[in-house]
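[1] Predicted coordinates and the sequence they were generated for:
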Amino acid sequence: MKTKTIIKKLSLLFAMLLINITFAQTSISGSVVDEQNNPLPGVNIVVQGSNFGTTADFDGNFSINITQELPFSIEFSYLGFVTQVVQVSDSSQKINVSMIEGNDLLEEVIISANRRAEKVQDAPASISLITARDIQNSSEAIDPVRHLINIPGVTVQQQTANTMNIEMRGGNGLFGTGVYPMLDYRNIVTPVARSFFTYQAGLSNLDLERIEVVRGANSALYGPGVEAGVVHFMTKKAIDYPGTTAELYGGNMSSMGGAVRHAFSNESKTFGYKVNVKYSEGDDFTLDPEEDAEQIASFQTTIKQPAITNNVVDATLPGKILLRRSDLDPDRDGNPLQQEYRNVSANVHLEFRPNSDTSGIISGGIANGSGIFINDQGFGLTQGNDMWGQARLTKGNFFAQVAYTYNDGGAEDNPTFLYSTGNRVVSARGATEALLQYNFDISFLDTNFIVGLDYRNTTSQLFIIGKIRSKVVVIFYKGRIG
C-alpha cells in the first residue's frame, strides 16, 4: 500500500510539474520613447512569427506575456518612425527602445499617379498612401472605405449604416460622387449614374493590400470628369499572399457578417488563384416618427415604373405599379424607408507570372446588395446584382487591360427608385473599358514619358429619361523632365 501511495504522489507531482512547464510564460516589459526621450503612446509591438502583441500605453510603457521559447524578436512600428526589431534572449531583459523619425512614406512605391510604379516623392501630385500595415492595425472591421476617414482632403459621407460615399474637392452630384474610385485598375463607379455603392463593390479587408489617394484633377490619364481625385483600392496578389484567412464580426444595430479569403500559389511562383466571399447584414438608420414626420410624409407609398413616351416620362399615363405600401412598410409603422440591409459578394482571380517581367490576371465577380442612398433628390433605394469581368497584362513598361461591368438595377419586384417621386429610376447599365499604355525613359535627357489609349463604352436604360449610350476614346500623353 505504501508503495502504491508513493507512486501516486510522485505521479501527481510529476503531472503538476509538467503542467507548470507547459504553461510557463515569459514576461517581457519595457518602454518606447522618441529621440527627445518623450514617451510614444500607441506604438505597435508584435512578437515576430506569433500572434502575441500589444501597444504602448500613455507613458510609452508596455508588457507582453508569451509562451514562445527564447530567443525571439519583437517588432516596434509607429507611423512616421522607422520600424525597429529587438532580439530577446533573456526573460529578465529590459527593453527600452528609442524610435527614430523616418520618411518611409516617401520611399513607398505608388502606381495611381501616373499608372506606373514610382516613389511617392517623385509623383507629380498630392498623394496619400494607406499601407498594408495601416490596414492590419486598423480597427475598421466592416467597410474598407472607412480607412479613408483621416486622409487629408477626403470626405467620407456615412449616409446610412450600409451606405458610404467618398468626396474630394466638391459635393455629390445627382446620383453619386465626383471621385474616381478604382479596384485593381477597374472603375467601380456604377455606369452613367456615377454612383459609388460600397456594398456592391466587393471590397474586403482580408484581401486589401493598400489604398492610394491622388488628389486633384487627373483627366489626362483617367478620362473626362476626373476633377476631384482618384481613390485606388489594390488587393493582394495570390502568388505573393497565399493562404486562407477568415473573419467574423458582430456589433450594435444587429450588424453581423464575415469574410473568407483563400489563395494558392505553386512552388515556382508562376501561377496562383484566389477566392473571396463576403456577407453582411444589419439594421439600417431609421427616421424618427415624430421629429422626421414631415420627411416621412413626403415619401411615396407606391413605386411604379413610369410610362415613357418619346424617352420622356408621360404623366398622363398611370405607369405600372411595382411595389405597394405593404411591400415598402411590412411592419406597418408608417415609415416606408427600408430599415434593414443584407449584402453578399464573391470573386475569383487567376494569376500568371511566367517571369519577373511579365504578369497577367483574369478575374470576375458578383455582388448582390441593397442600400439607401441620399442625393440631390433626397432618399432613394438601390438594389440588384453587380457583375464584372477583367483581364490585364503587364510586360515590362507595357500595360493592357479590358474590363466589363454590368448592373441589372434590380428586377421589377426589387427595383431601384426614389422615395420622393415613387418612380423606378435606373435599370440595366453596363460599361466596357479598355486601356493600352506604354512608359519609356530617355535617360540622357533625364525624362520619362507615358503614352496610351483609353476606351470606354457605357450604356444604360433609365426609366426617367430612356436609353443612354456613351463612348469615350482618349489618347493621352504625359511627360516629365528631371
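    Perfect, I can see it now. In this text the structure is predicted, and so the values were computed from the model without any measurement.
[2] Please parse this protein into its domains.
    With domains defined by automatic domain parsing, the chain comprises 23-98, 109-481.
[3] Next, format these as JSON lines and append mean pLDDT and mean neighbour count.
    Where you see a C-beta, it was placed from the backbone N, CA and C, and this is true even at glycine. Formatted as JSON lines, the domains of the chain follow (pLDDT from 0 to 100; neighbours: other Cβ atoms under 10 Å):
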{"stretch": "domain 23-98", "mean pLDDT": "82", "mean neighbour count": "15"}
{"stretch": "domain 109-481", "mean pLDDT": "82", "mean neighbour count": "17"}
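[4] so what's Ala400 up against?
    By Cβ atoms under 8 Å, 6 or more residues apart in numbering, Ala400 lies in contact with 392-393, 435-437.
[5] Could you do Ser128 as well?
    151-154, 212-213, 215.
[6] That one pairs with what?
    Val213 (DSSP bridges).
[7] Any chance you could give me stretch 134-148 in CSV, C-alpha atoms only?
    Taking C-alpha atoms only, stretch 134-148 is exported to CSV below (Å, rounded to 0.1, in the frame of the first residue of the first chain):
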residue,chain,number,x,y,z
ASP,A,134,-2.0,50.6,-41.6
ILE,A,135,-4.9,48.3,-42.7
GLN,A,136,-3.8,45.5,-40.5
ASN,A,137,-3.5,47.7,-37.4
SER,A,138,-6.8,49.5,-38.1
SER,A,139,-9.9,48.8,-36.0
GLU,A,140,-12.2,49.2,-39.1
ALA,A,141,-13.7,45.8,-39.4
ILE,A,142,-16.7,46.3,-41.7
ASP,A,143,-16.3,48.7,-44.6
PRO,A,144,-12.8,49.3,-46.0
VAL,A,145,-13.9,52.7,-47.2
ARG,A,146,-13.7,53.8,-43.5
HIS,A,147,-9.9,53.6,-43.8
LEU,A,148,-10.1,57.0,-45.7
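[8] what's it in contact with?
    Applying Cβ under 8 Å, 6+ apart, the external contacts of stretch 134-148 come out as 44, 79, 130, 154, 156, 164, 166, 198, 203-205, 208-211, 213, 231, 233, 247, 249, 251, 255, 257, 280.
[9] mind listing what Phe233 touches?
    Contacts for Phe233 (Cβ under 8 Å, 6+ apart) come out as 144, 181-184, 188, 203, 208, 211.
[10] Give me the subset of these lying in strands.
    Taking DSSP state E as the definition of strands, the contacts of Phe233 contribute 181-183, 208, 211.
[11] Same list, those, but as CSV with distance to Asp90 please.
    Output for the ones in strands among the contacts of Phe233, formatted as CSV (distance: Cβ to Cβ, whole Å):
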residue, distance to Asp90
Pro181, 51
Met182, 50
Leu183, 48
Leu208, 39
Ile211, 41
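[12] Considering those residues, which is situated nearest to Ile366?
    Of all these, Ile366 sits closest to Leu183, with 13.9 Å by Cβ to Cβ.
[13] wait, what's in contact with the closest one?
    201-203, 232-235.
[14] what bridges to it?
    Residues in beta-bridge contact with Leu183 (DSSP bridges): Arg186, Phe233.
[15] State the distance from it to Arg325.
    38 Å (Cβ to Cβ, to the nearest Å).
[16] Am I right that Asn266 is in contact with Ala238?
    No: applying Cβ atoms under 8 Å, one finds Asn266 not in contact with Ala238, separated by 10.2 Å.
[17] Could you tell me which residues touch both of the two?
    When contacts are counted by Cβ under 8 Å, 6+ apart, Asn266 and Ala238 have Gly272 as shared neighbours.
[18] Next one: Thr416 from Gly153, what distance?
    Counting by Cβ to Cβ, the separation of Thr416 from Gly153 is 31 Å.
[19] Let me fix that, I meant to ask about Pro242.
    Distance, Pro242 to Gly153, by Cβ to Cβ: 36 Å.
[20] Following the chain past the helix or strand containing Asn276, name the next helix or strand.
    Per DSSP states H and E, Asn276 falls inside strand 271-283. Downstream of strand 271-283, the first helix or strand assigned by DSSP H and E is helix 293-297.
[21] Quick one: residues in contact with that next one.
    287, 289, 334-337.
[22] Extract the CA atoms of that helix and return them as PDB.
    Provided in PDB are the C-alpha atoms of helix 293-297 (Å, rounded to 0.1, in the frame of the first residue of the first chain):
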ATOM      1  CA  ALA A 293     -42.700  63.200 -39.500                       C
ATOM      2  CA  GLU A 294     -42.700  65.800 -42.300                       C
ATOM      3  CA  GLN A 295     -39.900  63.900 -44.200                       C
ATOM      4  CA  ILE A 296     -41.700  60.600 -43.800                       C
ATOM      5  CA  ALA A 297     -45.000  62.100 -45.100                       C
END
